[in-house]
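*Asks:* Have a look at this prediction, sequence included:
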Amino acid sequence: MATFIAIHGAFHGGWCFEPLRPHLAACGHELVAPTLPGMGGVGAAPAEVTLEGWADFVLDLARRARPPVWLCGHSRGGVVISAAAERDPAALAGLIYIAALLLPDGHSVRAHQAANPVPPAFVAAVHADGEQRTLAFDPGAAVGLFYHRSPADAGRAAAARLAAEPMNPLNTPVALSDARFGRVPRHYVECSDDRALPLAEQRAMQAVLPCATVTTLDSDHSPFLYCPAELAGALARIAYPA
């Protein structure tokens, strides 16, 4: 069966995918859900974190995992899995973007945000620390933006665990080529009730970089919390279509 390496989005950690684990295990699949180095200052100094370093970290896991290996990126994690695929496409069976940033060559997260309307509540919730080169997210705003469909207790618990996000990877344009990134099959799992990355924006990115399949979940931005069984089913069907 498949190994799914799930890469979390901004401010999160591998912990956010834990509700998904039993549902994938029930189908015989393995979940690897790391926390990227430098999140919250753990494992690396935030100022030293790079997008390339994150991609290499993910690829090291992929090369040691049981094949076939699928990289799953949530939100900002989409940029990380794209960068990893460019560096070693042969290590991967495919890419799955879960309400994720699917950016074309030469685009960065910050440039994408500058070119697309960002919900005002999101902008107000982000606080920069220029000295530490990190961004922090207001936990009080997180429930309404990230987890509004999820169980209230689970949403509050997740919001309390949000960590500082290193700035450098957000400012780095992702370098992609048709010969490398373009040869890895990519799939999109979109979330129709997403307040952080609205559905229209998810679909605009897919229009630029079409995906082999698109699955729509009636979910907020965090399907691993709101509907983990449905998300696990979507991942399993992508890896092993009927």
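*Replies:* All right, it came through fine.

*Asks:* if I pick the nearest residue to His12 once chain neighbours are set aside, what's in contact with it?
*Replies:* Computed as CB to CB, 6 or more residues apart in numbering, the closest residue to His12 that is not its neighbour in sequence is Leu162, at 6.8 Å. Using the backbone N, CA and C atoms, a C-beta is placed for each residue, glycine as well. Residues near Leu162 by CB atoms under 8 Å, 6 or more residues apart in numbering: Phe11, His12, Ala136, Phe137, Pro139, Ala142.

*Asks:* If we use 7 Å, what do you get?
*Replies:* By CB atoms under 7 Å, 6 or more residues apart in numbering, the contact set of Leu162 is Phe11, His12, Phe137, Pro139, Ala142.

*Asks:* Using PyMOL, define a selection of the buried residues within those residues.
*Replies:* Selecting only the buried entries of those in PyMOL, with 16 or more other CB atoms under 10 Å as the criterion:
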select buried, resi 11+12+137+142
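
*Asks:* Counting only helices, which of the contacts of Leu162 make the cut?
*Replies:* Pro139, Ala142 (DSSP state H).

*Asks:* any chance of the contacts of Leu162 in JSON lines, with distance to Leu31 and pLDDT too?
*Replies:* Converted to JSON lines, those look like this (distance: CB to CB, whole Å; pLDDT from 0 to 100):
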{"residue": "Phe11", "distance to Leu31": "20", "pLDDT": "98"}
{"residue": "His12", "distance to Leu31": "15", "pLDDT": "98"}
{"residue": "Phe137", "distance to Leu31": "24", "pLDDT": "98"}
{"residue": "Pro139", "distance to Leu31": "26", "pLDDT": "97"}
{"residue": "Ala142", "distance to Leu31": "23", "pLDDT": "98"}
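
*Asks:* Determine which two of the contacts of Leu162 are furthest apart.
*Replies:* Greatest spacing in those, by CB to CB: His12 and Pro139 (12.1 Å).

*Asks:* buried stuff in the helix or strand of the chain with the lowest mean pLDDT?
*Replies:* In the chain, no helix or strand scores lower on mean pLDDT, DSSP states H and E than helix 120-125, which sits at a mean of 93. By neighbour count on 16+ other CB under 10 Å, the buried set for helix 120-125 is Phe122, Ala125.

*Asks:* Can you tell me what sits against it?
*Replies:* Counting by CB under 7 Å, 6+ apart, Phe137, Asp138, Ala141, Gly144, Leu145, Ala196 sit against helix 120-125.

*Asks:* Give me the distance between Leu225 and Ala84.
*Replies:* Taking CB to CB, to the nearest Å as the measure, Leu225 falls 24 Å from Ala84.

*Asks:* Neighbour count: those two, which is higher?
*Replies:* Ala84 (30 against 24; other CB atoms under 10 Å).
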